[in-house]
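# Sequence and predicted structure, then a few things I'm wondering about:
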Amino acid sequence: MATPQPVAIQSDTYAAADAHAPLSLTLTDPERSEFDALARQLASTAPELVDDAKWVAAARELSAHLPARLRQVVRAYRHDPGEDGTLVLRNLPVAPGALPATPNVPESVEREATVPAAVAVLIAQELGEIAAYRQEKSGALVQNVVPVPGREASQSNAGSTPLELHVENAFHPHRPDFVGLLCLRGDPDNAAGTLVSSIRRALRLLSSGTRQVLHQERFTTLPPPSFHSGDAAVAHAVLTGDPEDPNVKVDFHATSAVDAEAATALEQLRDAFVAASTSVPLRSGEMAFVDNRLAIHGRTAFTPRYDGQDRWLHRTFVLLDNRRTRGSRPGNGSVLV
């Protein structure tokens, strides 16, 4: 058997299209077929339930058999997510013609195993350990991001108005390390785009004084509407770690400053993130991963039709260190409480 060759980071298949675009990989058709067979094998693995521990264990084992280039790229991204903290994977085995109607009910999740759910979980398990939160969508590991009638203005995954830039579950002590978004069905009007922005780019637009304020514990963050518990009692810093390459913890809809100087710094940070942002218009068979430690994401506005053909994403969360969250995961499972 031939030894797989390392992926060249500056190749046509794993490189940004320009100086301000996320890293990406497009599978070849043979790789897509190889992945499709693996996803179908997982989808049909007993008990065919996404949240079952035995099914998740099977996904962990099968992820080692993903196409070699895909595994190499995921490993490289995990080591260093690049300037944008985002990886876009294309030509994944999703068949739009075989999909049911886009769900449009609140708290929509995937409980029964499907090929698209298997695709999302296999990549997540290769990146780290898939996880969920009991207080959010009942702890489902694969969650549907779909527009819901009556919730158009909601600052949540059920809305369709602009979604403010944010770190996923910024308020939580064990927020995800990565967020995955697999597109099953794109927005028919091509209006919806996933906005991404990185502190590695935004930091260059901030003064040293602003950076210093953002590193101080002068901010609080409320849980998102999708969470059914949590508070913002503890003040925290928005930037932590290496001052030259910090992590970020902010949700511009839910994070507030405790004083006027901190409020000015927070506004300047938002302006910097907006200036450094780019839109990723996901299409069927494309998946974006966002490094939730150094990148933030949002969504542009779109108009739902509620005709069964609306935008439909599968969302997954990934942790890199399962041991760090062991005290919050009963039975050493995948769900944090």
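Sure, I can see it.

# Need the pLDDT of residue 4.
As predicted, residue 4 sits at a pLDDT of 43.

# With residue 282 instead?
Turning to residue 282, the model gives it a pLDDT of 96.

# Thought residue 184 was touching it, still the case?
No - using CB atoms under 8 Å, residue 282 makes no contact with residue 184, being 9.7 Å away. Any C-beta I mention is one placed from the backbone N, CA and C, and that applies to glycine too.

# what's the overlap in contacts for the two?
Here residue 282 and residue 184 have residue 313 as joint contacts, going by CB atoms under 8 Å, 6 or more residues apart in numbering.

# neighbour-wise, which of the two wins?
Neighbour totals were compared for residue 282 and residue 184, and residue 184 leads with 26 against 22 (other CB atoms under 10 Å).

# Does the more buried one lie in a helix or a strand, and which?
Taking DSSP states H and E as the criterion, residue 184 maps to strand 178-185.

# Give me the average confidence score over that strand.
Across strand 178-185, pLDDT averages out at 98.

# same for it, what does it pack against?
helix 115-127, strand 287-291, strand 312-319 (3 or more CB pairs under 8 Å, 6 or more residues apart in numbering; DSSP states H and E).

# partner strands of the following helix or strand past it, parallel or antiparallel?
Heading C-terminal from strand 178-185, the first helix or strand you meet, by DSSP H and E, is strand 194-198. If you go by DSSP bridges, strand 194-198 pairs up with strand 278-280 (antiparallel), strand 295-299 (antiparallel).

# Please identify the most buried of those strands.
Across those, averaging neighbours per residue (mean count of other CB atoms under 10 Å) puts strand 295-299 on top, at a mean of 25.

# and the angle for that strand with strand 178-185?
With axes from the mean of the first three to the mean of the last three CA atoms, to 10 degrees applied, the angle from strand 295-299 to strand 178-185 works out at 30 degrees.

# longest helix anywhere in the chain?
Using DSSP state H to define each element, the chain has its longest helix at helix 260-276.

# what is the orientation angle of that helix with strand 194-198?
120 degrees.

# phi, psi of residue 150?
phi 90, psi -10 (degrees, to the nearest 10).

# One more: residue 66?
Taking degrees, to the nearest 10 as the convention, residue 66 sits at phi -60, psi 160.

# my read: it touches residue 126, true?
Yes - under the criterion of CB under 8 Å, residue 66 makes contact with residue 126 at 5.9 Å.
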